[in-house]
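A.B. asks: Structural data only, the sequence is not supplied:
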């Protein structure tokens, strides 16, 4: 039955599936590592127990997310050799060292200090433990730096030459690393990770604020603090992210104009101003966006800062150069739509803060709770826009996807794809379920860290006999 499917399409589907799963966890752990560093820093600075409690509460969740990210990343990396051997051969001299730099710098840094961060608070002292937390946070950023540099080079290749065997050979490593789209993609992705984390933290805080209100009990202090910090982060970063996305789009227009044509749904060129198509259905066969709802000349205003600026359409390039237009078109709108909702949440929370109703406005809390998954949706939609929009190339303009795949039969790829789907949903489904279970309980005074037998001496607090008994038996304090 699998012979009916194209092996390259199945290989792309497998890579997309595993990358989508993998991308969820780093997009959360990058921001969460920084949040943990802030919490521990505030605890050391102010001495307030609540920051330590929140640190230990989120540290357990970080440990799970980080572990699942590492496992899913290892599986993804193997596919370069199994499904994309031709790409690995041709682009390996450039991509290989960049991936190695990520391991030698970021992964070793994270792995070296992660154990201290998770289990060493009572063993190495407060200062060294804070250094370990900072090291892990910095390591997650460095990891994003190298991975995004490699991905950006595939989008906007620079600093290379072709050898006699058809391989990409680096001739200027600075040009390779800091290729034209890399700074924009790095800022846009890191902001996305911070927003993803803030939305999750805000949703958890909102959940416990709503539960406290429905139970007619006092709101948990930890829920108040995490909700306030999350809303503050969203208020600051959401507008910055929209600006960063706009600059990234202008850079894409300069270096990958066909991708922008697909994002905008412009099948035809507009010599005197292009409309902004809000919604519609791109029909590649008919070369037309059906049922278009558009704002006249607004696309030219956004992309060229002039109402009458001409914009080329897909009719200006060969059809063989077109990406799957409908996928790019809708993925881009999902990403932008999530960004607009984040901006609305930021404005709503700012209004609540000004009116001193941040903790007792159920409508805001329900909005924040509903927005909890929005960051994950946005980063996956952005990744789809970026990667599908680069098609039909793996290295933009130079190496086509059809020439990058291994010579595999469709049934072999399909079988491994089905195996991945089953295993991923079981393993990572269980992990996500446990994370949600941890989030369902509010943080409490004397919160236990990942090492549940570790008492709270780091806070300078002597546990009560009841708490000590709970700790000794592994129960909740």
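C.D. replies: Thanks, I have it. Source: prediction; values computed, not measured.
A.B. asks: Please count neighbours and contacts with C-alpha atoms only from this point.
C.D. replies: Noted.
A.B. asks: for this structure, what helix or strand is lowest in average pLDDT?
C.D. replies: The weakest-scoring helix or strand in the chain, judged by mean pLDDT, DSSP states H and E, is helix 465-473 (a mean of 42).
A.B. asks: Just the helices from the stretch 101-250 of the chain, written as ranges.
C.D. replies: Taking DSSP state H, counting those that start in this stretch, the helices of the stretch 101-250 of the chain run over residues 108-119, 126-155, 173-177, 182-214, 221-255.
A.B. asks: can you tell me which of those the model trusts least?
C.D. replies: Ranked on mean pLDDT, the bottom entry among the helices of the stretch 101-250 of the chain is helix 108-119, at a mean of 85.
A.B. asks: starting at the chain centroid, how far to that helix?
C.D. replies: Distance of helix 108-119 from its chain centroid, counting by C-alpha atoms, centre = their mean, to the nearest Å, is 22 Å.
A.B. asks: quick one: buried residues of that helix?
C.D. replies: 109, 110, 113, 114, 116, 117, 118, 119 (16 or more other C-alpha atoms under 10 Å).
A.B. asks: so how far is residue 279 from the closest residue to the fourth one other than its chain neighbours?
C.D. replies: In this case it means residue 114. Nearest residue to residue 114, sequence neighbours excluded (C-alpha to C-alpha, 6 or more residues apart in numbering): residue 136, at 6.4 Å. Remark: distance between residue 136 and residue 279 (C-alpha to C-alpha, to the nearest Å) = 42 Å.
A.B. asks: between these two, who's got more neighbours?
C.D. replies: Neighbours per residue (other C-alpha atoms under 10 Å) separate residue 136 from residue 279, with residue 136 holding more: 29 against 17.
A.B. asks: Can you tell me how far the more buried one is from residue 273?
C.D. replies: Relative to residue 273, residue 136 is positioned 48 Å away (C-alpha to C-alpha).
A.B. asks: same thing with residue 152?
C.D. replies: From residue 152 across to residue 273, the span is 30 Å (C-alpha to C-alpha).
A.B. asks: The two - which one has more neighbours?
C.D. replies: More crowded of residue 152 and residue 273, by other C-alpha under 10 Å: residue 152, with 26 against 21.
A.B. asks: what's the more buried one in contact with, if anything?
C.D. replies: Shown in contact with residue 152 (C-alpha atoms under 8 Å, 6 or more residues apart in numbering): 179, 180, 181, 182, 185.
A.B. asks: Residue 403 too?
C.D. replies: 86, 87.
A.B. asks: Could you do residue 139 as well?
C.D. replies: Contacts for residue 139 (C-alpha under 8 Å, 6+ apart) come out as 105, 106, 107, 109, 110.
A.B. asks: let's see 6 Å
C.D. replies: By C-alpha atoms under 6 Å, 6 or more residues apart in numbering, the residues touching residue 139 are 106, 109, 110.
A.B. asks: out of those, which one sits closest to residue 255?
C.D. replies: residue 106 (29.1 Å; C-alpha to C-alpha).
A.B. asks: Tell me how many other residues surround that closest one.
C.D. replies: 24.
A.B. asks: what about stretch 435-453, average pLDDT?
C.D. replies: Rounded mean pLDDT across stretch 435-453 is 76.
A.B. asks: oh, I was asking about stretch 267-287
C.D. replies: The pLDDT scores in stretch 267-287 average 89.
A.B. asks: Over to that stretch now: how far is its first residue from its last?
C.D. replies: First-to-last distance for stretch 267-287 - C-alpha to C-alpha - comes to 6 Å.
A.B. asks: which helix of the protein spans the most residues?
C.D. replies: For the chain, the helix reaching the highest residue count under DSSP state H is reported as helix 7-46.
A.B. asks: in that helix, what's buried?
C.D. replies: Going by 16+ other C-alpha under 10 Å, helix 7-46 has these buried residues: 7-12, 14-44.
A.B. asks: Can you list phi and psi of residue 283 for me?
C.D. replies: When read as degrees, to the nearest 10, the backbone of residue 283 gives phi -110, psi 100.
A.B. asks: which ones are touching it?
C.D. replies: Applying C-alpha under 6 Å, 6+ apart to residue 283 gives the contacts residue 289.
A.B. asks: rerun at 7 Å
C.D. replies: By C-alpha atoms under 7 Å, 6 or more residues apart in numbering, residue 283 lies in contact with 289, 290.
A.B. asks: Equivalent analysis for residue 392, please.
C.D. replies: Counting by C-alpha under 7 Å, 6+ apart, residue 392 touches 321, 323, 400, 401.
A.B. asks: give me the number of residues near the closest residue to residue 371 other than its chain neighbours?
C.D. replies: Nearest residue to residue 371, sequence neighbours excluded (C-alpha to C-alpha, 6+ apart): residue 199, at 6.5 Å. Using other C-alpha under 10 Å, residue 199 has 29 other residues around it.
A.B. asks: for the one 4 residues further on, same thing?
C.D. replies: Burial of residue 203, expressed as a neighbour count using other C-alpha under 10 Å, amounts to 27.
A.B. asks: And the residue lying closest to it once chain neighbours are set aside, how far from residue 209?
C.D. replies: Among residues not flanking residue 203 along the chain, residue 369 sits closest, at 4.2 Å (C-alpha to C-alpha, 6+ apart). Noted for residue 369: a distance of 10 Å to residue 209, by C-alpha to C-alpha.
A.B. asks: more neighbours, these two?
C.D. replies: For residue 369 versus residue 209, neighbours defined as other C-alpha under 10 Å are more numerous around residue 209 (28 against 22).
A.B. asks: measure the more buried one to residue 373 for me?
C.D. replies: Counting by C-alpha to C-alpha, the gap from residue 209 to residue 373 is 18 Å.
A.B. asks: Let me see the ranges of the strands in the stretch 351-477 of the chain.
C.D. replies: Assigned by DSSP state E, counting those that start in this stretch, the stretch 351-477 of the chain shows strands spanning 393-395, 399-400.
A.B. asks: Tell me which of those sits most buried.
C.D. replies: Compared across the strands of the stretch 351-477 of the chain, strand 393-395 shows the largest average neighbour count, a mean of 22 (mean count of other C-alpha atoms under 10 Å).
A.B. asks: for that strand, the distance to its chain's centre please.
C.D. replies: The answer for strand 393-395 is 22 Å, by C-alpha atoms, centre = their mean.
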